[in-house]
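Novice: let's see this in three dimensions:
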Amino acid sequence: MSDFANPPDFRRVPVDDEAGLPKGSEAGLPKIAGSSDGGDGKRDEWGGKYEFLVTLIGFAVGLGNLWRFPYLCFKNGGGAFLIPYFISVVIGGVPVFLLEVSLGHITRQGVIQAWKLVPLFQGVGYASIVIVFWCNSYYIIVLTWALYYLWSSFTTSLPWDGCDHDWNTASCYDIFDSNTTSNGTVDPSEEFFNYKMLQISGDINVMGTVRWELAISLAIAWMLCYFTIWKGVKISGKIVYFTALFPYVNLFVLLIRGVTLDGADKGLIYYFKPDVSRLADSQVWIDAGTQVFYSYGIGLGALTVLGSFNKPQSNVVRDTIIYSTVNTMTSVVGGMALFSVLGNMAHNMGVEISDVAQSGPGLVFIAFPKAISQLPIAPLWAVLFFTMIVFIGIDSQFIAVEGFVTSMMDLFPSLYRKKCGREIFLLVVCCLHFIIGLTMITNGGVYIFQLFDFYSVSGMALLSLSFIECIGIAYVFGGRRYLSILSSMIGLGGRTRKVMSVFLLFWYILTPAMSLGIFLFVVIKYSPLKYNNDMVYPSWGYVLGWSLALSSIVCPGVVAVIKIAMGHGTFVQRIKYLLRPQLYIDLSQYNLPDIGRSDINVPMSTTKS
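Specialist: Residues are numbered from 1 along each chain as shown. So this is what the prediction gives:
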């Protein structure tokens, strides 16, 4: 007769501390690798006091701030976009950022294994892995463009300055060159991007051939990424000090130059003065919420991995506040630099800001190069600027790849024991991403790129994960319990703990409500993607896009169903078992009961009498 005749007692048991944990003995579950109790000692840790914070800045402060944020501002009416953006930062960005980082900090595991804290929700980890896989495939394309611009800058005359090149059309008009006809409407920097670098086809159905110059740039980008992280965070943690901090020098130089241009005030007014009527457009809120999660690196799993390399006493709350401030201000300053240039272009062309350039993903490769061309010794500034873009892009890229690789290796720990197991697995991952990236550097590749950008890291995917994460930690594991454990680990005092309790309001109510609300906006107000608000994609393009989006969105549900189906006992017993932690974390040194005790983690026995 099966042991199910005498199922485990799932009744509520007494609690013995403010965390709300039940009394009992250890479950005998395996201790997590590199846990705070000593573990097996194999997990890397940050080598310096500030490496974690600087790496966070390097990862999440990147092209999303200087490329995606400005073009979303431009697309959504400038200042009108800033209002929902700041609201989303406070309600969504900061609380979920802390939740994801602290999840790795507490469990010292990659994103898949970390969600064994609430096994029924482990699909969140798989969804994050899917999202970061697609993100790694297309994000590096922007870095590829930057490398192309970088080596094009080693010249005495910048190739995007002037209308006398082979790729220029009759529509080219250089506002700073009196020899060009005023009948033109397209800036030479825009023609360089479309007709020289991309050699863009007129339709996604005409994919053309691989652009060999971009293929070389893509290969170089992946080699930089590989050799930066192949030996783990002890090396990449040192490199990121330079790659994360150096770009700020160049950014402020460009900002100073931009605001001194004629007409810059026109662009800045457009940037900061909100058009209140645009706030009624749900797309503005959708883009703002999505941008916050995108620029904060939420939902990609990498934050949990970075947190897992922390020493237990590291103050992740302080780092979260510092990071959030730096991230948001970087976006704002980057937008100021861009819109001051757009104001100058609009002033010289005699048109409105909204008509000065198309709001596609190449906007930053049009407006910024135009500003650089007006600087003294322009090629030198171009080299410095695009070197900055490369540094910004490469640290975000290699940390995201680190997040994927570490999470997969935590899932298959035998890879750690094989000679050069990490190096070989990383090489396979980089080569696979390179092959996928080749589809985005053909003549029609930019259309594929925008499908990936719009759907694979879609608002629906990031917002749904944010909602599920909050529900899993706050309502299932217990928000107060979670916050108590985190506060004890990092040594917060009583008064600070009371201030920290504000995060409970976000995790329980405000953040999931915001995520669900914007998610519903996305579903109800969905409109098919158009390239540069003009070209309609064919049916197969939308099928591809939705396949990318659904590949992550369905993960939490699918994984939960599989876990329930493969369980033992009655349906209720399976659910209850999957709502209890399935990893062991020793918290005795913090005077807290351990996670993973026998009285709350009784595995369903399949032994027959």
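Novice: mind pulling up the pLDDT for the residue lying closest to residue 518 once chain neighbours are set aside?
Specialist: The shortest distance from residue 518 to any non-neighbouring residue, by Cβ to Cβ, 6 or more residues apart in numbering, is to residue 289 (4.3 Å). Bear in mind the C-beta positions are built from the backbone N, C-alpha and C, glycine included. Looking at residue 289, its pLDDT reads 85.
Novice: residue 122 now?
Specialist: So residue 122 comes in at 94 (pLDDT).
Novice: separation between it and residue 113?
Specialist: 9 Å (Cβ to Cβ, to the nearest Å).
Novice: what about the residue nearest to residue 518, neighbour count?
Specialist: 29 (other Cβ atoms under 10 Å).
Novice: pull the contacting residues for it.
Specialist: With contact taken as Cβ atoms under 8 Å, 6 or more residues apart in numbering, residue 289 is in contact with 84, 88, 92, 459, 463, 514-515, 518.
Novice: from these, which is closest to residue 66?
Specialist: residue 88 (18.8 Å; Cβ to Cβ).
Novice: contacting residues around the helix or strand containing the closest one?
Specialist: Element membership for residue 88 (DSSP states H and E) is helix 79-88. Residues from elsewhere that reach helix 79-88 (Cβ under 8 Å, 6+ apart): 72-73, 270-279, 284-285, 287-289, 291-292, 328, 331-332, 514.
Novice: orientation of the helix or strand following that helix relative to helix 79-88 in degrees?
Specialist: Going down the chain from helix 79-88, the next helix or strand is helix 94-107, by DSSP H and E. Using axes from the mean of the first three to the mean of the last three Cα atoms, to 10 degrees, the inter-axis angle of helix 94-107 relative to helix 79-88 is 40 degrees.
Novice: stretch 224-233: which residues count as buried?
Specialist: 224-226, 228-230, 233 (16 or more other Cβ atoms under 10 Å).
Novice: just give me the closest of the contacts of residue 289 to residue 531.
Specialist: So of the contacts of residue 289, ranked by how close each gets to residue 531 (Cβ to Cβ), first place is residue 459, at 18.2 Å.
Novice: and for that closest one, the neighbour number?
Specialist: 27.
Novice: same check, this time on residue 502
Specialist: Neighbours of residue 502 using other Cβ under 10 Å come to 11.
Novice: what about it, distance to residue 486?
Specialist: From residue 502 to residue 486 the distance is 14 Å (Cβ to Cβ).
Novice: do the same with residue 339
Specialist: 39 Å.
Novice: residue 345 now?
Specialist: Counting by Cβ to Cβ, the gap from residue 345 to residue 486 is 48 Å.
Novice: same question for residue 447.
Specialist: For residue 447, the distance to residue 486 - Cβ to Cβ - is 44 Å.
Novice: same deal with residue 93?
Specialist: Residue 93 is 18 Å from residue 486, by Cβ to Cβ.
Novice: those two: which is more packed in?
Specialist: Applying other Cβ under 10 Å to residue 93 and residue 486 shows that residue 93 carries more neighbours, namely 28 against 22.
Novice: wait, the more buried one touches residue 290, no?
Specialist: No. The criterion here is Cβ atoms under 8 Å, and residue 93 misses it with residue 290 at 11.1 Å.
Novice: residue 548 is in what secondary structure piece?
Specialist: Using DSSP H and E, residue 548 maps to helix 539-553.
Novice: against which helices or strands is that helix packed?
Specialist: helix 123-152, helix 445-451, helix 459-470 (3 or more Cβ pairs under 8 Å, 6 or more residues apart in numbering; DSSP states H and E).
Novice: buried residues in the longest one?
Specialist: Residues 123-150, 152 are the ones in helix 123-152 that count as buried (16+ other Cβ under 10 Å).
Novice: that one: what's the following helix or strand?
Specialist: helix 188-191.
Novice: and the helix or strand just after that following helix, average pLDDT?
Specialist: Once the chain leaves helix 188-191, the next helix or strand it forms, by DSSP H and E, is helix 212-229. What helix 212-229 shows for mean pLDDT is 92.
Novice: got it, and stretch 547-555?
Specialist: pLDDT averaged over stretch 547-555 gives 94.
Novice: tell me which stretches of the stretch 351-500 of the chain form helices.
Specialist: 364-372, 378-411, 414-417, 421-438, 445-451, 459-470, 479-490, 494-500 (DSSP state H, counting those that start in this stretch).
Novice: pull the helix or strand with minimum mean pLDDT from the chain.
Specialist: Least confident helix or strand, the chain: helix 414-417 with a mean of 69, by mean pLDDT, DSSP states H and E.
Novice: which residues of the stretch 451-600 of the chain score low on pLDDT?
Specialist: 494, 590, 596-600 (pLDDT under 70).
Novice: go ahead and confirm residue 441 touches residue 143.
Specialist: No. Residue 441 is beyond contact range of residue 143, at 11.7 Å (criterion: Cβ under 8 Å).
Novice: sorry, back to before: ok and the helix holding residue 548 relative to helix 459-470, angle-wise?
Specialist: On the basis of the same axes, to 10 degrees, helix 539-553 is oriented at 10 degrees to helix 459-470.
Novice: for the host helix or strand of residue 255, name the packing helices and strands.
Specialist: In this assignment (DSSP H and E), residue 255 forms part of helix 233-259. Packed against helix 233-259, as judged by 3+ Cβ pairs under 8 Å, 6+ apart, are the following elements: helix 51-60, helix 212-229, helix 316-349, helix 364-372, helix 378-411.
Novice: again, 6 Å this time
Specialist: helix 51-60, helix 212-229, helix 316-349, helix 378-411 (3 or more Cβ pairs under 6 Å, 6 or more residues apart in numbering; DSSP states H and E).
Novice: what residues of the helix or strand that comes right after it count as buried?
Specialist: Using DSSP H and E, the helix or strand that follows helix 233-259 towards the C-terminus is helix 264-272. For helix 264-272, a neighbour-count test (16+ other Cβ under 10 Å) marks 264, 266-268, 270-271 as buried.
Novice: likewise for stretch 425-432?
Specialist: 425-426, 429-430.
Novice: tell me the secondary structure at the most centrally placed residue in the chain.
Specialist: By Cα atoms, centre = their mean, the chain has its centre lying nearest to residue 297, at 2.8 Å. Counting by DSSP: H, G, I helix; E, B strand; the rest coil, the backbone at residue 297 sits in coil.
Novice: need the pLDDT of it.
Specialist: So residue 297 comes in at 85 (pLDDT).
Novice: mind checking what helix or strand follows the helix or strand where residue 286 lies in sequence?
Specialist: For residue 286, the host element (DSSP H and E) is helix 282-295. Counting by DSSP H and E, the next helix or strand C-terminal to helix 282-295 is helix 302-308.
Novice: follow-up on the earlier one: okay if I get the buried residues of helix 264-272 as TSV plus distance to residue 454 and pLDDT?
Specialist: Putting those into TSV (distance: Cβ to Cβ, whole Å; pLDDT from 0 to 100) gives the following:
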residue	distance to residue 454	pLDDT
264	31	89
266	30	86
267	26	85
268	28	88
270	24	82
271	24	83
